[in-house]
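> my questions are about this predicted structure, shown below with the sequence.
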Amino acid sequence: MKVRAFTHNLAVLLEAVHALKASGGGACEEASVEAINIGISHTKEGGSMFFVTDASPYDDADIPGTIERLRSKGIVFTPMITGDCTEKSSWNELPNED
């Protein structure tokens with residue numbers, strides 16, 4: 001998870017976007033809702049949050065509580081979900097820990 005401050009400077013924004021690298025990963029599911037809650041703590045009232053994930057949240061994630069926190073701060077939440085954990089074929093292969 002990365003927390004970044006927003007800017008009105010397009011060159012700064014493009015530089016940050018071009019510097020992003022996808023790496024790592026792991027087994028489905030991921031701590032996506034936990035990451036959103038960290039983001040809420042770093043977002044001002046009425047702010048915006050962009051969220052990108054390729055995996056489902058943990059089964060015990062407090063999604064209703066997280067939605068309430070977003071609403072109570074008036075945060076505009078924009079998710080981009082590129083996958084989930086419903087198909088085993090989409091899971092990452094983990095090395096055998098023999």
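Here it is on my side, so go on.
> tell me the helix or strand right after the helix or strand of the chain with the lowest mean pLDDT.
Ranked by mean pLDDT, DSSP states H and E, the weakest helix or strand in the chain is helix 10-19, scoring a mean of 86. Reading on from helix 10-19 to the C-terminus, the next helix or strand found by DSSP states H and E is helix 32-41.
> where in the protein is pLDDT low?
Residues of the chain that meet the criterion pLDDT under 70 lie in 1-6, 24-27, 89-98.
> now the least confident helix or strand of the chain, how far from the centre of its chain.
Mean C-alpha position of helix 10-19 versus that of the full chain (Cα atoms, centre = their mean, to the nearest Å) differs by 19 Å.
> so for that helix, what gets flagged as buried?
Using 16 or more other Cβ atoms under 10 Å as the test for burial, helix 10-19 gives no buried residues. Where you see a C-beta, it was placed from the backbone N, CA and C, and this is true even at glycine.
> against which helices or strands is it packed?
Based on contacts counted as 3 or more Cβ pairs under 8 Å, 6 or more residues apart in numbering; DSSP states H and E, there is no element that helix 10-19 packs against.
> using PDB, list the CA coordinates for stretch 44-60.
Only the C-alpha atoms of stretch 44-60 are listed here, as PDB (Å, rounded to 0.1, in the frame of the first residue of the first chain):
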ATOM      1  CA  LYS A  44      -9.000  14.700   4.600                       C
ATOM      2  CA  GLU A  45     -12.800  15.100   4.900                       C
ATOM      3  CA  GLY A  46     -14.300  15.500   1.500                       C
ATOM      4  CA  GLY A  47     -11.200  14.100  -0.100                       C
ATOM      5  CA  SER A  48     -10.800  11.500  -2.800                       C
ATOM      6  CA  MET A  49      -9.400   7.900  -2.700                       C
ATOM      7  CA  PHE A  50      -8.400   5.800  -5.600                       C
ATOM      8  CA  PHE A  51      -8.100   2.100  -4.900                       C
ATOM      9  CA  VAL A  52      -6.700  -0.600  -7.200                       C
ATOM     10  CA  THR A  53      -6.700  -4.300  -6.400                       C
ATOM     11  CA  ASP A  54      -6.600  -7.600  -8.200                       C
ATOM     12  CA  ALA A  55      -7.800  -9.800  -5.400                       C
ATOM     13  CA  SER A  56     -10.800 -10.300  -3.100                       C
ATOM     14  CA  PRO A  57     -10.700  -9.000   0.500                       C
ATOM     15  CA  TYR A  58     -10.300 -11.400   3.500                       C
ATOM     16  CA  ASP A  59     -13.600 -13.100   4.500                       C
ATOM     17  CA  ASP A  60     -13.600 -11.400   7.900                       C
END
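> fine by me, we can end here.
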